[in-house]
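Asker: Build me a structure from this.
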Amino acid sequence: MNSLTGDAANSLNTWTDLSGFAALRQTAQSDAKAALPAVAKQFESIFTQMMLKSMRDASSGDGLLDSEAGNQWRDMFDQQLSVQLSQGGNGIGIAQMLMKQLGGALGGSSDGATSATSGASGDSWQQRLNSVASAARNTGEKVLKLLPKDATDFVKQLAPYAQQAADKLGVSVRAILAQAALETQWGKHLPTHSNGDTSNNLFGMKAGSSWDGDKVSVKTLEFEGGVPVQKRAQFRSYDNPGQSFDDYAQLLANNPRYAKALNHGEDVVGFAKGLVNGGYATDPSYAQKIIAIANSPQMKQALAAIEQAGLKNAGAAPISSE
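Answerer: Predicted coordinates for the structure are as follows:
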């Protein structure tokens, strides 16, 4: 009989230990009852990480000493902290709640009456846990879909949406991804609601008088006469990243102001300058920043990685990293 009270369970003490997760998956397949306590704790650690991420995003802006490297180390710390909180003692109680709901106990045993009830209903704990995960995806997709580990992960998640937008606008997918990376710092900072939910607004799209959808009010940096000024503005909010890309592509395709940004193919420079000439952003260096990101080593490595993994739309032309 496989048991997670041994090496498999003990190895799940760091968020980077992939072998521990492999052992957990193997045990769950062969002995679901024994795997339930560890699975519940892993679910709690993921939820805790989401909560920490939301708390960080809801903070009052970046510190004076913040940096990209510092943010990465902070994210790593939060990931490890979430694992330690869930694995130690009773955690924050979510694993215990799941065990109670799914018919088990954190010690790995369940009473006969609970098991009999579950068997009679034909509803296994795996099915119910899948239902919980499905509900989390439906209500928490805003958070889960936009937690990229790095530039490559950011590109992998968003490349399919970017490819569709690029095809519609006749421009380079690198240009679309570069603008999204510029607006969100590679997915790390998006306009966020007061409860911590992300707006999924990847292009800094503001909510003007014609916008009747959900919106979020956040601080933003605008340039007036070349001088940066901090203001508060209303931004559009979307249910998922796909809606953000669709709305962005529709704006550029239908607004005559951005006609000069369209149909540039792999000419990222022409696209970026067309955006600025159309008044998309007030930052005088906006075009140069898009160009720099599109041609950066991070972008080239990310696009090369998804090419190798075959992560491009069926029938679409290869994504160029040149």
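Asker: for the longest helix along the chain, packing partners?
Answerer: Counting residues, the longest helix found in the chain (DSSP state H) is helix 32-57. Applying 3 or more C-beta pairs under 8 Å, 6 or more residues apart in numbering; DSSP states H and E, one finds that helix 32-57 contacts helix 7-10, helix 18-30, helix 68-87, helix 94-102, helix 125-144. No exception for glycine: its C-beta is placed from N, CA and C like everyone else's.
Asker: what about 7 Å?
Answerer: Packing partners of helix 32-57 (3 or more C-beta pairs under 7 Å, 6 or more residues apart in numbering; DSSP states H and E): helix 18-30, helix 68-87, helix 94-102, helix 125-144.
Asker: and those helices, which one is worst for confidence?
Answerer: Mean pLDDT is lowest for helix 125-144 out of the helices and strands packed on helix 32-57, coming in at a mean of 45.
Asker: which element follows that one toward the C-terminus?
Answerer: helix 151-169 (DSSP states H and E).
Asker: Output the contacting helices and strands for that following helix.
Answerer: Packed against helix 151-169, as judged by 3+ C-beta pairs under 7 Å, 6+ apart, are the following elements: helix 173-184, helix 241-254, helix 297-309.
Asker: can you pull the buried residues of stretch 229-244?
Answerer: Across stretch 229-244, burial judged by 16 or more other C-beta atoms under 10 Å covers 235, 236, 237, 238, 241, 242, 243, 244.
Asker: And the fifth one, how close does it get to residue 247?
Answerer: So that's residue 241. Distance of residue 241 to residue 247, computed by C-beta to C-beta, to the nearest Å: 11 Å.
Asker: Give me the neighbour count for residue 93.
Answerer: Burial of residue 93 is recorded as 9 neighbouring residues (other C-beta atoms under 10 Å).
Asker: ditto for residue 228
Answerer: That count, for residue 228 with other C-beta under 10 Å as the rule, works out to 10.
Asker: With residue 49 instead?
Answerer: 22.
Asker: Could you check how far the residue lying closest to it once chain neighbours are set aside is from residue 197?
Answerer: Distances taken as C-beta to C-beta, 6 or more residues apart in numbering place residue 82 nearest to residue 49, at 4.0 Å, with adjacent residues excluded. Look at residue 82 and residue 197: by C-beta to C-beta, they are 18 Å apart.
Asker: More neighbours: the two, which one.
Answerer: Shown here are residue 82 and residue 197; by other C-beta under 10 Å, residue 82 has more neighbours (23 against 19).
Asker: Next one: that one from residue 41, what distance?
Answerer: Going from residue 82 to residue 41 by C-beta to C-beta gives 11 Å.
Asker: What residues sit buried inside stretch 188-203?
Answerer: Under the neighbour-count criterion of 16+ other C-beta under 10 Å, stretch 188-203 has 188, 190-193, 196-203 buried.
Asker: Could you pull up the mean pLDDT of it?
Answerer: pLDDT averaged over stretch 188-203 gives 90.
Asker: end-to-end on that stretch?
Answerer: End-to-end distance for stretch 188-203: 13 Å, by C-alpha to C-alpha, to the nearest Å.
Asker: got it, and stretch 262-281?
Answerer: Start and end residues of stretch 262-281 are separated by 16 Å (C-alpha to C-alpha).
Asker: what do you get for stretch 266-285?
Answerer: Terminal residues of stretch 266-285 are spaced 20 Å apart (C-alpha to C-alpha).
Asker: same check, this time on stretch 288-303
Answerer: End-to-end span of stretch 288-303 (C-alpha to C-alpha): 20 Å.
Asker: repeat for stretch 207-221
Answerer: 16 Å.
Asker: mind starting the numbering at 48 from now?
Answerer: Sounds good: first residue 48 from here, last item stretch 254-268.
Asker: what's that stretch in contact with?
Answerer: For stretch 254-268, the external contacting residues (C-beta atoms under 7 Å, 6 or more residues apart in numbering) are 108, 238-240, 246, 275, 277-284.
Asker: run the last query once more with 6 Å
Answerer: Contact with stretch 254-268 is made by 238, 240, 246, 275, 277, 278, 279, 280, 281, 282, 283, 284, as judged by C-beta atoms under 6 Å, 6 or more residues apart in numbering.
Asker: Quick check: which of the helices and strands packed on helix 198-216 is buried the most?
Answerer: helix 220-231 (a mean of 26; mean count of other C-beta atoms under 10 Å).
Asker: Just want the angle from that helix to helix 344-356.
Answerer: Per axes from the mean of the first three to the mean of the last three C-alpha atoms, to 10 degrees, the angle that helix 220-231 makes with helix 344-356 is 130 degrees.
Asker: Return the list of helices and strands in contact with helix 220-231.
Answerer: Packing partners of helix 220-231 (3 or more C-beta pairs under 6 Å, 6 or more residues apart in numbering; DSSP states H and E): helix 198-216, helix 333-341.
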